[in-house]
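In: Turn this into a model:
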Amino acid sequence: MFSATSYRLDVAVDPIYSAAFEGDLHEATLSLVAAAFPDAVVMMVGQDSSRLGGNFFLHRGSSAELSRAFPGELSLEAGWLKRQWDMEVGRIYHDRDLGPVDLVNAGPVGRALCAESPAFDRCTGVVFSRSGSRQMTIELRYPRHRESEMRSAAKELLQRIWRHLAFSIRIATLQRRLMEADQLATSLLDMMPAPVVLIDADQEVCRMSTRAETMLAEGMILTVGPDGVLHVTDPDADIELSEILAGMRANPKHRVAVLTVPRAPGEPREVLSIIRLNGTALMGHRSLAGLGRHCPRFAVISENLSIPLDLSHDMLWRVFGLSAKEAELAVSLLAGDSIGDVAVRRHISKETLRNQLSAVLRKTETGRQQDLVALLTRLAAVNAMA
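Out: Prediction:
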């Protein structure tokens with residue numbers, strides 16, 4: 001049963017914009033329009049002519065299983081959905097604009113709506129977004145006997161909100177890209193084997209890797225003040241960091257600096273590398289990078305020089321085809337051991353080890369032991385990111 005309804009055409013559009021950021025734009029839009037027209041069926045249709053998975057159908061106000069009928073509607077060559085592509089974006093259309101009523105309701109969705117009591121055989125809608133092979137439509141269905149009162153009211157509401165919907169779709173799309181880029185940026189930072197903190201020109205933190213978060217939580221080496229500024233826990237080193245950054249800001253050609261953190265005997269030897277980032281590129285893409293309101297200008301990397309480089313035997317076999325004994329010798333040389341050290345530890349003659357070294361040099365295509373160590377060092381750095 002339909003009741004005499006005073007349609008709420010003064011609905012606030014604020015929830016649409018809020019939903020664009022929160023990720024439930026479609027449901028919020030349906031709720032808003034359904035609240036204004038409680039006696040109508042409100043449908044939102046997303047079509048993608050190039051990708052079946054890009055199509056979707058949402059509705060409010062009908063007990064019919066419209067969602068199950070929607071796939072059958074997509075397969076029609078000249079049905080209700082196909083006619084929506086002929087409508088201009090932003091132009092409010094009615095059922096007569098789509099063609100004869102019988103044609104509009106000939107598909108599975110139309111038949112399901114007409115089977116209700118009363119039949120929802122009239123419509124007013126608008127295409128509010130179209131880009132390439134994709135478009136989005138919101139449409140109201142109502143009975144023929146309510147046409148005179150509902151058609152003009154529906155048109156008025158859709159004229160009022162369609163631009164807001166179009167802008168909200170752009171916001172939601174950008175928000176999704178921001179989230180994806182944010183996840184990518186985090187993943188890229190976390191690939192670094194050492195803690196990394198990105199700071200802006202004022203030394204405020206823009207982003208940090210998971211390793212850096214752990215380090216700061218433990219109060220090791222670096223800390224962040226209440227104002228968001230990055231500091232070194234050692235007061236003298238903190239002053240030196242500020243001076244280094246000031247010098248790098250004043251001299252654009254100064255791209256890399258190194259700061260040794262004071263330590264007590266037995267404590268890990270930490271070095272901070274300060275690297276200038278490509279500020280122009282980051283400024284241009286900082287929104288897409290999800291890096292907040294500050295553009296990162298410098299990367300501060302904390303490197304613990306006390307942690308030995310490591311390579312697994314499996315890695316050396318896969319990359320160079322080294323045997324277990326050859327890999328063990330290579331790892332020992334990477335750690336700084338000499339042939340004599342290895343001979344003593346493994347209780348093996350130096351001559352045997354030299355023969356193994358010759359095989360390692362041949363397989364790694366290096367001519368000298370120092371070249372081998374340099375190559376293994378680069379491989380260990382890559383391995384540390386895994």
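In: Torsion angles phi and psi at the spatially closest residue to residue 132 that is not a sequence neighbour?
Out: In space, and not counting its chain neighbours, residue 132 is closest to residue 50: 7.8 Å by CB to CB, 6 or more residues apart in numbering. Every C-beta, even on glycine, is put in place using the N, C-alpha and C of the backbone. Note on residue 50: its backbone torsions stand at phi -110, psi -10 [degrees, to the nearest 10].
In: And residue 190, how close does it get to residue 209?
Out: Look at residue 190 and residue 209: by CB to CB, to the nearest Å, they are 5 Å apart.
In: Tell me which residues are up against stretch 242-250.
Out: 201, 203, 254-255, 257, 259, 274, 276, 297-298 (CB atoms under 8 Å, 6 or more residues apart in numbering).
In: per-residue confidence averaged over that stretch?
Out: Averaging pLDDT along stretch 242-250 gives 93.
In: ok, now stretch 335-345?
Out: 90.
In: what about stretch 306-321, start to end distance?
Out: Length of stretch 306-321, first residue to last, CA to CA, to the nearest Å: 29 Å.
In: how about stretch 316-328: buried residues?
Out: 316, 319-320, 322, 325-328 (16 or more other CB atoms under 10 Å).
In: how far does that stretch sit from the chain's center?
Out: 38 Å (CA atoms, centre = their mean, to the nearest Å).
In: now stretch 51-62
Out: 25 Å.
In: outside of that stretch, which residues touch it?
Out: In contact with stretch 51-62 (CB under 8 Å, 6+ apart) are residues 26-27, 30-31, 33-34, 37-48, 66-67, 70, 74, 109, 112-113, 116, 120, 133-134, 141.
In: swap in stretch 261-272?
Out: 221-222, 232, 234, 236-237, 241, 258-260, 300-307.
In: and residue 36, how many neighbours?
Out: 20 (other CB atoms under 10 Å).
In: so it makes contact with residue 157?
Out: Yes: with contacts counted by CB atoms under 8 Å, residue 36 reaches residue 157, the gap being 5.8 Å.
In: Strands along the stretch 1-150 of the chain, start to end?
Out: 41-48, 56-60, 93-94, 122-131, 134-142 (DSSP state E, counting those that start in this stretch).
In: Of all those, which one comes closest to residue 342?
Out: If you check each of those against residue 342 by CB to CB, strand 41-48 wins as the nearest, at 63.3 Å.
In: separation between the closest residue to residue 60 other than its chain neighbours and residue 61?
Out: Leaving aside its sequence neighbours, residue 60 sits nearest to residue 34 (CB to CB, 6+ apart; 4.1 Å). Distance of residue 34 to residue 61, computed by CB to CB: 6 Å.
In: circling back: is it true that the residue nearest to residue 60 touches residue 43?
Out: No: between residue 34 and residue 43 there is no contact under CB under 8 Å: 10.3 Å.
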